[in-house]
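>>> Got a predicted structure plus its sequence, pasted below:
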Amino acid sequence: MAVLKDRNPEHWKLGVFYYNPDYPRLFVAKRFGGLFTLNFANPIAWAIASILPALAVAGLVANLFHSTISN
């Protein structure tokens, strides 16, 4: 799978978030460096980006609930 290495500054919000509704793929090569980033014009990218913080919050709530019950 070839990924686009787009350096057009109009597609990079705050210099790090890729947003190009004309490019249908979810993954895009990073502007600088290796690997890839998400195309935030794709709704699936927002779902992926929200899963990690949601899991972190769920873990904190579970830990707080567990420590309250243990005492």
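Yes, it's here.
>>> Okay, strands next: where are they in this protein?
For the chain, the strands defined by DSSP state E cover 12-13, 17-18, 27-29, 36-38.
>>> Which among the ones you listed is found nearest to Lys5?
Among those, strand 27-29 comes nearest to Lys5, with 4.1 Å by Cβ to Cβ. Where you see a C-beta, it was placed from the backbone N, CA and C, and this is true even at glycine.
>>> so what strands line up beside the closest one?
Neighbouring strands of strand 27-29 in its sheet, by DSSP bridges, are strand 36-38 (antiparallel).
>>> got the contact list for the partner strand?
Surrounding strand 36-38, the residues in contact under the criterion Cβ atoms under 8 Å, 6 or more residues apart in numbering are 3, 16-18, 26-30, 45, 48-49.
>>> Let me have the strands of the chain in a markdown table, adding distance to Ile69 as columns.
Supplementary listing: the strands of the chain in a markdown table, determined by distance: least, Cβ to Cβ, whole Å:
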| stretch | distance to Ile69 |
| --- | --- |
| strand 12-13 | 43 |
| strand 17-18 | 40 |
| strand 27-29 | 42 |
| strand 36-38 | 38 |
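>>> Same list (those strands) but as a markdown table, adding mean pLDDT.
As requested, the strands of the chain are arranged in a markdown table below (pLDDT from 0 to 100):
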| stretch | mean pLDDT |
| --- | --- |
| strand 12-13 | 95 |
| strand 17-18 | 94 |
| strand 27-29 | 92 |
| strand 36-38 | 92 |
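>>> Pipe these into CSV and attach distance to Leu64 and mean neighbour count per row.
As requested, these are exported to CSV (distance: least, Cβ to Cβ, whole Å; neighbours: other Cβ atoms under 10 Å):
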stretch, distance to Leu64, mean neighbour count
strand 12-13, 34, 14
strand 17-18, 31, 19
strand 27-29, 35, 19
strand 36-38, 30, 17
